[in-house]
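> A predicted structure for the sequence below; I have some questions about it.
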Amino acid sequence: MSKPRSLVLPPRTRARRLETARGPFVVLDAEPVGGRRGTVLLLPGYTGSKEDFLALLGPLSEAGYRAVAVDGRGQNDTPGPRGRAAYRRKALALDAVAQAAALDDGPVHLVGHSFGGLVARAAAALAPGAFRSLTLLSSGPGRVARPQRIRVRVLRAALAVLPKERVWQAVCWLDSRGEEPDTGDTPELTAFLRRRWMRTRIAQLAGAGRLLLDRQDGTEQLTALPLPLHFAYGADEMVWAPADLSAAADRTGAHRTVIAGAGHSPNVSHPQELTDGLAGFWERVDAPAGVSTAP
């Protein structure tokens, strides 16, 4: 899971409820500095939340973008039903489409981190006109790496038979040895991470895990999307193999940003470098036809 390094809201950022046609979603909404260059909708990953993007909201705002990070249905502060149907791929995709519409800013740039990338892909395929572009952040077609698949299977099995608190303790142990090792969490951050876990619906965790284990490749679907596509990931990514992400970018003709020194969560570890890559991609997307944005 991504772990924010601070819970302080960046300047010009407020936590609020976003009312949509599919119910309310709690978001962090960051207003841009100066004239607005565009609006970005940010979808978090497995066991994550809107706070995973806290470090990214400031740089995006400074770059002139309104950035809105969302708790998905059943994640953290956003309520969700207990039933399995609410967390199927199409249902989550419809949520993202409704969130984009409720922002009332025309087509928005869509960014999905890890599991959020699976939701973003489905949303873009369902309603491409709702989005200006699609960025898969540390996410891609194909299967996740074997260690992560094993972890997800174990987590889903444990949630079915053990108290949530016991599973949380196991998650902490695994994370200290996984893609986001412990870096000396403050008591405030430790309390937040536990609270987030306890607030997230078991059905959401089980449904998200099921989608992560899906064997469907998805490259053809991405190639068929009628909107600009971007893969952004750390050079040390370990949930999806970097070689697989590079190959997917080649096969789909997507723009690509590889962040040196970053692992699975460049949104936490390298927010400025990620912002530079995102903004460079969006500048190309928004450039008038025939105008080059190359340096």
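Perfect, I can see it now.
> mind listing what Arg17 touches?
Pro24, Phe25, Val26, Val27 (CB atoms under 8 Å, 6 or more residues apart in numbering). All C-beta spots, glycine's among them, are computed from the backbone N, C-alpha and C.
> looking at it, the second one is touching Ala69, isn't it?
No. Counting by CB atoms under 8 Å, Phe25 sits too far from Ala69 to count as a contact (10.4 Å).
> could you pull out the helices for this structure?
Along the chain, the segments classed as helices by DSSP state H run 54-62, 89-102, 115-126, 146-161, 164-175, 187-199, 202-212, 219-224, 242-252, 266-269, 271-286.
> so where's this protein uncertain?
1, 174, 176-184, 289-295 (pLDDT under 70).
> Which positions are bridged to the residue nearest the centre of it in the beta structure?
A centroid search over the chain (CA atoms, centre = their mean) returns His113, at 2.5 Å, as the residue closest to the centre. For His113, the beta-bridge partners are Leu137 (DSSP bridges).
> can you tell me which residues contact it?
2, 42-45, 48, 52-53, 137-139, 265, 267.
> Adding neighbour count and distance to Thr186, write these out as a markdown table.
What follows is these, written out as a markdown table (neighbours: other CB atoms under 10 Å; distance: CB to CB, whole Å):
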| residue | neighbour count | distance to Thr186 |
| --- | --- | --- |
| Ser2 | 25 | 16 |
| Leu42 | 27 | 24 |
| Leu43 | 31 | 26 |
| Pro44 | 26 | 21 |
| Gly45 | 28 | 22 |
| Gly48 | 28 | 19 |
| Asp52 | 26 | 17 |
| Phe53 | 31 | 19 |
| Leu137 | 30 | 25 |
| Ser138 | 31 | 24 |
| Ser139 | 29 | 28 |
| Ser265 | 28 | 18 |
| Asn267 | 31 | 19 |
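> re earlier: quick one: buried ones out of the contacts of Arg17?
When those are checked for burial by 16 or more other CB atoms under 10 Å, the buried set is Phe25, Val26, Val27.
> Could you give me the buried positions within stretch 100-119?
100-103, 105, 107-119.
> oh, I was asking about stretch 28-38
Leu28, Asp29, Ala30, Pro32, Arg37, Gly38.
> which one of the residues you listed sits closest to Val167?
Leu28 (26.6 Å; CB to CB).
> and that closest one, what does it touch?
Per CB under 8 Å, 6+ apart, neighbours of Leu28: Leu9, Thr13, Arg14, Ala15, Lys50, Glu51, Phe53, Leu54, Leu57, Val68, Ala69.
> Give me the distance between it and Arg284.
26 Å (CB to CB, to the nearest Å).
> Counting neighbours, what do you get for the residue nearest to Arg143 when sequence neighbours are not counted?
Excluding its sequence neighbours, the residue lying closest to Arg143 (CB to CB, 6 or more residues apart in numbering) is Arg215, at 6.5 Å. Close neighbours of Arg215, defined as other CB atoms under 10 Å, add up to 6.
> Great, nothing more from me.
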